[in-house]
Structure formats: structure tokens, C-alpha cells
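Student: the following block contains a protein sequence and its predicted model.
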Amino acid sequence: MNPVIIGILLPLLGTMLGSAFVFFMKKEIPDRLQKTLLGFASGVMVAASVWSLLIPSIDMASTSLEGLRSVLPAAVGFLLGMGFLLLIDELTPHLHLGAEKAEGPRSKLSRTAMLALAVTIHNLPEGMAVGVVFAGEAQGLTLSAALAVSIGIAIQNIPEGAIISMPMHAEGNSRWRSFLIGSLSGVVEPIGSIAILLLASVLGVALPYLLAFAAGAMMYVVVEELIPETAEGTHTNLSTIGFAIGFVLMMVMDVVLG
């Protein structure tokens, strides 16, 4: 099978594998484990944003630009990515895990639907990141480096899938329905990957901006959603440990496979 297709599908498979935990675990994930997994996901996303997206964006731009101008594509793309996710956050009714009050415009959607929308918003930038690193093959990024990002996000999606499907089951949904909703939340990732690949093929010179855009979108999710969730309640030290492990794992994978 084409390695690009494999890379695009890996994150979705990670989400499906994690969502399947609902068949083997109790209704709720222990708080200690959930904090560790959220911290791990944050670490992977931050490391991928820096090592796999922002640094290649700056390196790519520096081949044709000098001085301050070589950093501008990364800076502009990063801010646009943050702004894009902020806009989606404001326009989409969604409910974060553990929250009682929904965010975004008022809606008559069920709690299950709004939980699913929150996860979809979360997964979109990850799909974009995978698409843009594979698009970068034509401009110096290696296939190994692109696969490292895909594998890293897939690993991160395993605990994330469990964190989605388990609360869905606790909300009263059946195990199969919870698994299906958790799995479907990952479908947006290959869609985002393909969209970015198509866009990059048309706007090849904009690739440094697209790399940074994906980084900004991923960092928005970390700062807006994951870190606040890890800082609530007790066992926050486990979140810090999980973050460190996720960050180092993603950094090592990017360097070794890159």
C-alpha cells in the first residue's frame, strides 16, 4: 500500500483502537489514568508542533529569505492557525469532557453530539498536520519524518479514543454506540489530511505557512483544552509526567526517523 495512504489512515486507526477500550474497561477511566493520558497527548502535540512543523517551516523559508523575513512565514502561519481554531470554537456548539456548560452558540443538540463536536474540533488540526508533512516531501521533508508525525499522532490518539468513548458510555450510550462515536470523531483527520494535500499541491510556495498553520491549530487545542483539563482537581503531577513522556517520545521519533 502507498505509504502516504498508510500515513493518512494511521491516526484514524489509533482513534479506533483507543475507542475499543470501552469494550474492556469499566464505565469511567480512573482520574489518575485520565490525567496521565491527557498530559501525554499534550506532550506529543507540542513536540510535533515544534519539531515537525515550526522548525521545518523556518528552515524551508530560510532557503529563499534572510534575516527577520525568514521567520515571518512561521509567525504568520502560526497565528493564522490559532485564529482559525478560535473561530471554529466560537462558531460551533460543543461540550468539553467533564464540563456541564456547552460552549459556542446556543444549540438543541444532545450532550453526546456536542461532545463529539468538541472532539472533532480537536482532531482537525492533527489531520492537517499529517497532510502538510506529507505535502512537504516535495520540498525537502523526508518520508520518514512524515511517517514519524503520523505514528506519533496515532499513538496519541489511542488514549484519546478511550477518553472519548468511555465518557460517552458513562453518559448512557451503549458500548457499540460509544465505540462508533469515538471512532467517527477520528474520521475528520484523514479528511483534513487530504484537504491540506490538495491545497498544498496548488499552493506549493505557501508550504512554510501551511506547516506553521497546522502547528498553530494544534497548539490552540493544547492551550485551550488539554492543559486546562489536566490542571483541574488532583493528580496534576501525573499530567506533568505524561506530558514529559509524550514530548520526549515524539521528539526522539522525529529526530531518529527524520
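Tutor: Looks like it came in fine.
Student: tell me how far Ser57 lies from Thr92.
Tutor: Counting by Cβ to Cβ, to the nearest Å, the gap from Ser57 to Thr92 is 27 Å. (Each C-beta comes from the backbone N, C-alpha and C, glycine too.)
Student: name the element the nearest residue to Ala146 once chain neighbours are set aside belongs to?
Tutor: Leaving aside its sequence neighbours, Ala146 sits nearest to Val133 (Cβ to Cβ, 6 or more residues apart in numbering; 4.2 Å). Using DSSP states H and E, Val133 sits in helix 111-135.
Student: with Leu109 instead?
Tutor: Here Leu109 is assigned to no helix or strand, by DSSP H and E.
Student: list the contacts of it.
Tutor: Pro93, Leu117 (Cβ atoms under 8 Å, 6 or more residues apart in numbering).
Student: phi, psi for it please.
Tutor: The phi and psi values for Leu109, taken as degrees, to the nearest 10, are phi -60, psi 150.
Student: give me the pLDDT value at it.
Tutor: The confidence metric pLDDT takes the value 72 at Leu109.
Student: swap in the one 10 residues further on?
Tutor: In the prediction, the pLDDT value recorded for Val119 is 75.
Student: in this structure it contacts Ser183, no?
Tutor: No - using Cβ atoms under 8 Å, Val119 makes no contact with Ser183, being 10.8 Å away.
Student: the more surrounded of the two?
Tutor: Val119 (27 against 20; other Cβ atoms under 10 Å).
Student: wait, what's in contact with that one?
Tutor: Ile164, Gly182, Ser185.
Student: ok, the second one touching Leu17?
Tutor: Think Gly182. No - assessed by Cβ under 8 Å, Gly182 is found out of contact with Leu17, at 10.2 Å.
Student: give me the common contacts of these two.
Tutor: Shared contacts of Gly182 and Leu17, counting by Cβ under 8 Å, 6+ apart, come down to Gly161.
Student: ok, the two, which is more surrounded?
Tutor: More crowded of Gly182 and Leu17, by other Cβ under 10 Å: Gly182, with 30 against 17.
Student: just checking, what packs against the helix or strand hosting that one?
Tutor: Taking DSSP H and E as the criterion, Gly182 maps to helix 175-184. Here helix 175-184 touches helix 3-19, helix 111-135, helix 143-170, going by 3 or more Cβ pairs under 8 Å, 6 or more residues apart in numbering; DSSP states H and E.
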